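1. structure for the following, please:
(chains A and B)
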Amino acid sequence: MLLSCKETTRLVSQGLDRGLAFGERVALRVHYAYCLGCRRAGRQMNFLRQAVRQLSEQPPRTSP
Amino acid sequence: MATSDEFRKQLEVLRPYLLRYASLQLRDAAAAEDAVQEALVAALVGEASFAGRANLRTWLTGILKHKIVDAIRRQAREPVVPVEADEEPGEFDELFSERGHWNERPAAWGDPDGALEQSQFFRALETCLERLPARTAQAFMLREHLGLETGEICKELDITPTHCWVMLYRARMTLRACLQQTWFGK
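-> Now for the predicted structure:
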């Protein structure tokens, strides 16, 4: 099964929230192999998680 | 049991951190204050159960998480937060072609690790978070800030897992576009 980029980004996002099935992981890997855009989007979603986890360590903003 | 002054002092030192932690999730200064206050009171009462644990901040944050979830539950009962649609038809249509391929391929983010060293970056991130629809932001922060599992989020927000995944997907896609525009693309 070949995924579109829209389906892929949706699946990547879900992969951050639930365990993906074997077939889903394979489909994702196949798509990643030829799609630079989705690889980047996936990396960026992972990065978002990392960044949000560090938010509370930042000093609060003084002005709104 | 008498609470030691020393313990009380240690808690007070952590108050600004806790307030920041709660404000990120609750968006409402008064509600955040209340949650922190409740957590500190609970910590004072429960000092004995802290004894011997390594990290006071981690322990306190754990208590605070519960108080934040309580606050969200209360908010949910008085629905001030409008419920957003499951998936709006045509969502992200501008991003993808009819066949679901990128209209414009996402650009590479140069030096994301470096961004994490800059307070300006976190300000940009917070601004992007503020632009999200309220409930989408709430679900996203429950997941990524508080670290709740999707199952718990569904329960607290009274939505289906599918709806939850849609909201988290929407949040991530919107945030990455926003950061691209306001930070990485600059």
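2. for chain A, what's the longest helix?
-> helix A:36-55 (DSSP state H).
3. contacts for stretch B:142-153 next, please.
-> Outside stretch B:142-153, the residues within contact range by Cβ atoms under 8 Å, 6 or more residues apart in numbering or on different chains are A:17-18, A:48-49, A:52-53, A:55-56, B:24-25, B:65, B:68-69, B:72, B:139, B:156-157, B:159, B:161, B:164-165, B:168. C-beta: built from backbone N, CA, C; applies to glycine.
4. residues contacting residue 39?
-> I'll assume chain A. For A:Arg39, the contacting residues are A:Tyr32, by Cβ under 8 Å, 6+ apart.
5. oops, wrong one, chain B.
-> Contact analysis of B:Ala39 by Cβ under 8 Å, 6+ apart lists B:18, B:60, B:63-64, B:66-67.
6. next: B:Ala35.
-> The neighbours of B:Ala35, taking Cβ under 8 Å, 6+ apart as the test, are B:22, B:26, B:64, B:67-68, B:70-71.
7. quick one: it and B:Ala29, what's the gap?
-> Spatial separation of B:Ala35 from B:Ala29 under the definition Cβ to Cβ, to the nearest Å is 11 Å.
8. quick one: low-confidence parts of chain B?
-> Low-confidence segments of chain B, defined by pLDDT under 70, are located at B:1-3, B:52, B:78-90.
9. who touches the helix or strand hosting B:Trp165?
-> Assignment of secondary structure by DSSP states H and E places B:Trp165 within helix B:161-179. The contact list for helix B:161-179 (Cβ under 8 Å, 6+ apart) reads A:9-10, A:13-14, A:16-18, A:41, A:44-45, A:48, B:84, B:86-87, B:91-92, B:95, B:106, B:109, B:124-125, B:127-129, B:131-132, B:135-137, B:139-140, B:143, B:150-151, B:153-154, B:157, B:159.
10. let's see which of these end up in helices.
-> Taking DSSP H, the ones among the contacts of helix B:161-179 that sit in helices are A:9-10, A:13-14, A:41, A:44-45, A:48, B:124-125, B:127-129, B:131, B:135-137, B:139-140, B:143, B:150-151, B:153-154, B:157.
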